[in-house]
Each structure stands twice: as C-alpha cells, then as structure tokens.
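A.B. asks: Let's see this in three dimensions:
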Amino acid sequence: MSYHPKILIVDDEPQICESLKILLARQGYQITAVNSGKKALEALAQNGFDLLLLDMVIPDLSGFEILDHINNQGYNLLVIVITGNASIESAVRALKKGAYDYLRKPFEFEELTRRVGNALNQQRLGYEKKIIDGKLARSEERYQYLVQNSPDIIYMLDKDGNFTFVNLVAEKLLGIPKAQLLGRHFTSIVHEEDIKQAERFIRGQEQNRSSAQVVEMRFLSPAKENAFKLFEVRHLSVHSKPAAAGETVEALGGYGVARDITYRKQLEGQLHQAKKMGAIGTLVGGIAHDFNNILMGIMGYTSLVLSEIDAESPYYAKLKSIEQHVNSGADLTKQLLGFARGGNYDMRSSDINEIIQKTSDMFSRTKKEINIRCDCQEGISPVEIDQNQIEQVLLNLYMNAWQAMPGGGSLITRTRERKLDRQKAEELNLPAGSYVEVAVRDTGTGMDAETVQRVFEPFFTTKEMGRGTGLGLASAYGIIKNHNGAVAVSSEKGVGSTFTLYIPCSGRAPERNSESSGKMLKGTETVLLVDDEKEIIEVEAEILEALGYRVLTAMNGEAAVKLFSENREQIDILIIDMIMPKMSGSEVYDRIRAMDDRVKVLLSSGYSIEGEASGVLARGCNGFIQKPFGIAEISQKIRDVLDSS
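C.D. replies: Now for the predicted structure:
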C-alpha cells in the first residue's frame, strides 16, 4: 500500500496559501489550501489529511477553535501551527491542545520543509503500525522497526519495577546506555523530589491491573558540555499499562510509553516567569519613578545652595553629604529601573571585551583572595549597549560570585560570538540571530533549584543582613532584558554557578566615550518648564533662574500648549515632564511641534529614556534628562540642546 501525504493549509492571506501550496507541491505532497475557518472544517470533513498547517488568526474561527474541532471529531492528523503573532503563551496553549509543532513567521522554507518532513514521518510510523496490527502482526522485523524508531521511549518493567526492556531512544533521551538501564530500578533515574510519586506508580501497576496510568515525572540524565552540573533534568509523560495475569512471560509488571515533554515544560516555565517578572517590574518601576521625583526636590535645592556658598562655609560639608546620600538613593532607583526594563539611555556600539577587561581589573584589585581571569574571543563583534549599565551588570555578577566563595576560588569570564538557532533562541525567548555570549563562572557554593528560580527577583537574597539589598541580580536581569538580550543561570550546590548573558551583535563599529566637563554653563534664553508636581516645578524654576534663564511655568499639558501659543516667539526651549495626567508629555510634544517644528524640546522624567520617551525622541525631540539631576547636569544638557544645529 503506497503512502501519499496529504496536507491542508489554512491561512486567511491568499498569497501565503498560494506560496506554500506551490513550494510544498514541489516536494511531492498533495496540497489543499483554504483561507477561512469554515472552509477548513468542510475540507477536514471530506478528506483524510495527514497534516494541517494552521494559521492561528483567522477572521471567522480562531486556530484554537479549529484545534478543538479536530480533537472533538477525532481526526487522525498532525497539526503544525504557523503564525506571525506566536508568543510563548499561545505556543504552550496550542501544544496543550494537541498541536505537533509550531513556527513563527517569517521562517525559512528549509525550516518549514524539515518540520513538515518530521511530522509526516511520525504520521507514517502510525500508518505502518496499523498495517502491522492487521496483516503483518507476526512480523518481528517490522515490530522491531516500529519500536526502535519510535520518537518515544518504549519500556517494560518486572513486578518489582526493574527495567526488562527499553528501546534505543531511551539511551538517546536519557543519556544512559541501554545495557546500563536493563535490570535497573525505575526510581533510580527519577528526580529525588519525584521518587515518592514513582514508587506509587510502581505499586499502582501491581495493585490495579484493570486500568492504565498517565503521570508526569522528572528524570535525571548525565549533563553534557557543562562543567558545573552533574545531571540534567528531563520531563517525561509516562503512559503505563499493567500486564494482566498470564498475559506475558514470567513476572511482567507492566509496559508503556514515555514521551519527552521537556520543551513544553520549559515554555510553560518561561511564561510563568515572564508574567511574574513583568508584574514585579511594573510595580518597582512605579516606585522608582515616584522616589526619583522626591529625590529631585532634595537634589535640586542642595545643588542650588552649594552653588551659592563658599567651600569654607560650615554648612558646605553637610550639604555635600546630603548630595552624596541623594546620589546613593538615585543609584538605588537606577537599579530598580534597570530591573523594570527602563534603565538604558546612553546606547552606543561598544567592544564588550574592553568593558570586561576594565571591570575585571577593577574588581581584582580589591579581591585578591580569588583567582580572576578572562577568556575573551578576539575580534568579537561589537554590541549596542549602555556601557555604564553593562559595567554595573558585570560588577554585580562578580560581587555575587565573590560572596559565593568565602574560602576563595576561581572567577572566569568568557566571551564568544554565537549564532542562536530557532530552538535555542526560543528557549531564551529571543529572536534567532547573532549574539555575544558572556559567561561568568564561579567555583562557589552553588544554589539549589528553588533559589535558581527566584534569584532574579528584587529584594530576594540568601545573604545575611547587611551583605546585600537583593537588587544586584534583579538589576542585571532587567538591564540585559532592556538591551534585547537574555540571562540564563546554571548552578549546582557545592559545585558552582554560571550566569550567561546574551546580547545582540551590532552592525556598527565601536564608539568612544566623551567626558563631561562638570562645569555650570549659564544662558539668557527663555525656558518653558512643564511639570505637574508643584515641588518639582518650583525647584527647577529656581535652578534655571540661578543659571540666568527667563522661566515660564505650566502645571499641566493644556496650560503648556496655551502658554506656548501665546509666547512662541519668545520661547527658546521647553523642558517637559513625561508623566502627567490628562495630557502626557508625549502629547504635549506633538501639539507644540505641530505649531512650531523648530522649537527645541528637552524631556524630563523619573523614569528613564525607554518606553514612551524613546518614541518621542525618535519623532525628533532634542534630548532627555533623568530625574533627579543637579544644577551642573541640567546646565550642560540645556546648552547641548540650545547650541546644537
């Protein structure tokens, strides 16, 4: 009996349907393409398809509704989800509803054909098994072929729970030679936290001979290419059938199939972690913004008074101390904003190796009890980063490593350029492409699985009181996420930890930093100051007047637009707060620029440049300054904007 694969394509865009139909037909497949959910249901009812390529967003029926229909009707076909709106959440949901695989648009045609081929091979094995069950049931050769080439583990256990048979895929998935598995107890390869469940599973096959069992458990396999982990965890869905009395040869306890669901569990874990971190990020970002506004009042008046008194004054040292404390508070909010994905505002193409060498040298001068070395790939591609923030990330990781090695040890920082394929990129929730990989390894105390799960949460710390705020790793996580990258952690108790950063490669040559002069620069122009906080607008107005500027103020967006329309010939620059009720800074900017597209505008916010502020800058705004700021910083920023062509 010949096997002719039949594929149904469902996509609401006719051009995509036609393109896929032409390309796949060249591979020898029989193709049917439809562009609505209703037509898809009609086609499924009339034809026995082997594979469905399904777009999840269709006007009349969603992809999930079509998956439900397939499950309800019991159609014997596999489904590959293809969508331009695929998220981890939708992928997990589709897999749970029975989808075999999924692809994100745009994709390479070679990738599509490979996925289609894999799915059809799986379907073909199912057809061959049916043939064997009917006409060739006694064919040992065919039986062995199906068993050994199954994508799932097939096993048999004796009544005590020892393996009496496993197919070859068990060796591939678990990393344990088949010969070592035979005679070994089922629980010997189960994760220690799931052993009690495994023992109940074994007892169940002896006590209940009338029904099958389906359980999910974690299994251990020897770790590959990881010097800091002895074992890796694989999640398997185990389907077991007890042997009936007299069904097989001596003392057979049960048999079944175990399917690898590790990838699905990883996606579910990523989804849960992303939701949790997103919620926490929103909370801490709001706190940091409000705290920066409070610090602005203190910083503003302190720098104003310092600019007006002599260094010999008895109050000068006290005011400098206040300024130092405010700067410490501002550093704390920068860490919070870094976690909240709002921390980078000075992006430039940079050589990551130079930054690693600089931070390593700095750290090694004070931590001589540990062996610090770098293993950096020469000629590595530049990365688009905020250099100060990446230095902060590295120093946080170094400090964390040092604290994990109280008796000394080794700290190794390695860089490699790496091209992430689709699967590895999806595990990190990144698009596929070229990245610089920065791995920071230590030989310290390591962490258990529970700590690894929580290590990036703000204020979570395993250190005793006074040894840390619990913001270092949270800040590192947020900063790297904000650079469109990812952070991965691998650790084992008593062995050590590895934190790995993935940062996208830049297509531009590295830039060099220009140092600020630190001087107060004065002016005589007219400034329109827009902020809804009374205390903020008062201190900023005093600072600007002390610098020689004429100042107009507005407490909301509508007042600012009205004031500008009445005084547009006199106003040289606007300083606009981003977060205001009713009319945001972004809206004020658009209204003002509609009246005069040449006026200079400087944005100001307790948040950082990311988010809405970056969008305003992309529309032509002249600059950004983050609160809290002092008199020297604002004086230089205003002159930069006013004096630029």
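A.B. asks: From Glu457, how far out is the most centrally placed residue in the chain?
C.D. replies: In the chain, the centroid-proximal residue (C-alpha atoms, centre = their mean) is Asn429; its distance is 4.6 Å. Distance of Asn429 to Glu457, computed by C-beta to C-beta, to the nearest Å: 17 Å. C-betas here are computed from N, CA, C, even on glycine.
A.B. asks: just Ile80 next, same as before
C.D. replies: In terms of C-beta to C-beta, Ile80 sits 36 Å off from Glu457.
A.B. asks: Those two: which is more packed in?
C.D. replies: Using other C-beta atoms under 10 Å as the criterion, Ile80 and Glu457 rank with Ile80 on top: 20 against 17.
A.B. asks: Quick check: beta-bridge partners of Phe165?
C.D. replies: Listed beta-bridge partners, Phe165: Met156 (assigned using DSSP bridges).
A.B. asks: Hmm, Gln148 and it touching each other?
C.D. replies: No: judged on C-beta atoms under 8 Å, Phe165 makes no contact with Gln148 at a distance of 11.2 Å.
A.B. asks: The two: which is more packed in?
C.D. replies: A side-by-side neighbour count of Phe165 and Gln148, using other C-beta under 10 Å, places Phe165 first with 15 against 11.
A.B. asks: pLDDT wise, what is that one at?
C.D. replies: At Phe165, the pLDDT value in this model is 88.
A.B. asks: how close does it sit to Ala618?
C.D. replies: According to C-beta to C-beta, Phe165 and Ala618 sit 63 Å apart.
A.B. asks: got it, and Asn121?
C.D. replies: Using C-beta to C-beta, Asn121 is found at 47 Å from Ala618.
A.B. asks: So if I had to pick from these two, which one is more boxed in?
C.D. replies: The neighbour comparison of Asn121 against Ala618 (other C-beta under 10 Å) goes to Asn121, with 12 against 8.
A.B. asks: Model confidence for that one, exactly?
C.D. replies: Taking Asn121 on its own, its pLDDT is 80.
A.B. asks: gap between it and Val530?
C.D. replies: With distances taken as C-beta to C-beta, Asn121 is found 64 Å from Val530.
A.B. asks: For Arg568, give me phi and psi.
C.D. replies: phi -60, psi -30 (degrees, to the nearest 10).
A.B. asks: Out of the helices and strands in this structure, which is least certain?
C.D. replies: Across the helices and strands of the chain, mean confidence by mean pLDDT, DSSP states H and E is lowest for helix 140-148: a mean of 68.
A.B. asks: My guess is the residue nearest to the centre of the chain contacts Ala486. True?
C.D. replies: Yes: at 6.5 Å, Asn429 counts as touching Ala486 under the criterion of C-beta under 8 Å.
A.B. asks: After the host helix or strand of Arg234, heading C-terminal, what element do we hit next?
C.D. replies: Using DSSP states H and E, Arg234 sits within strand 231-242. Following strand 231-242 in sequence order, the next helix or strand is strand 252-260 (DSSP H and E).
A.B. asks: Could you give the average pLDDT over that following strand?
C.D. replies: 81.
A.B. asks: what angle do it and strand 231-242 make?
C.D. replies: Relative orientation of strand 252-260 versus strand 231-242 (axes from the mean of the first three to the mean of the last three C-alpha atoms, to 10 degrees): 130 degrees.
A.B. asks: Now strand 252-260 - C-alpha only, CSV.
C.D. replies: Taking Å, rounded to 0.1, in the frame of the first residue of the first chain, the C-alpha atoms of strand 252-260 are listed here in CSV:
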residue,chain,number,x,y,z
LEU,A,252,6.0,-8.9,33.9
GLY,A,253,4.7,-6.0,35.9
GLY,A,254,3.8,-3.5,33.2
TYR,A,255,4.8,-1.8,30.0
GLY,A,256,4.3,1.6,28.4
VAL,A,257,5.5,4.7,26.6
ALA,A,258,7.3,7.7,27.9
ARG,A,259,7.2,11.0,25.9
ASP,A,260,9.7,13.8,26.3
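A.B. asks: Sheet partners, orientation included, of it?
C.D. replies: strand 153-158 (antiparallel), strand 231-242 (antiparallel).
A.B. asks: Tell me which of the ones you listed is the most buried.
C.D. replies: Per residue and on average, the most neighbours among those fall to strand 153-158, with a mean of 20 (mean count of other C-beta atoms under 10 Å).
A.B. asks: What is the distance between it and the centre of its chain?
C.D. replies: How far strand 153-158 lies from its chain's middle: 38 Å, per C-alpha atoms, centre = their mean, to the nearest Å.
A.B. asks: How about stretch 291-310?
C.D. replies: 38 Å.
A.B. asks: Break the protein into its domains for me.
C.D. replies: As assigned by automatic domain parsing, the chain contains the domains 6-134, 150-260, 272-339, 347-504, 526-643.
A.B. asks: average pLDDT for the helix or strand in which Gln324 is found?
C.D. replies: Element membership for Gln324, per DSSP H and E: helix 316-339. Mean per-residue pLDDT for helix 316-339: 73.
A.B. asks: What of stretch 602-619?
C.D. replies: 74.
A.B. asks: what about the residue lying closest to Tyr155 once chain neighbours are set aside, how many neighbours?
C.D. replies: Nearest-residue entry for Tyr155: Val166, 4.9 Å, with adjacent residues in sequence omitted and distances by C-beta to C-beta, 6 or more residues apart in numbering. Neighbour count for Val166, taken as other C-beta under 10 Å: 22.
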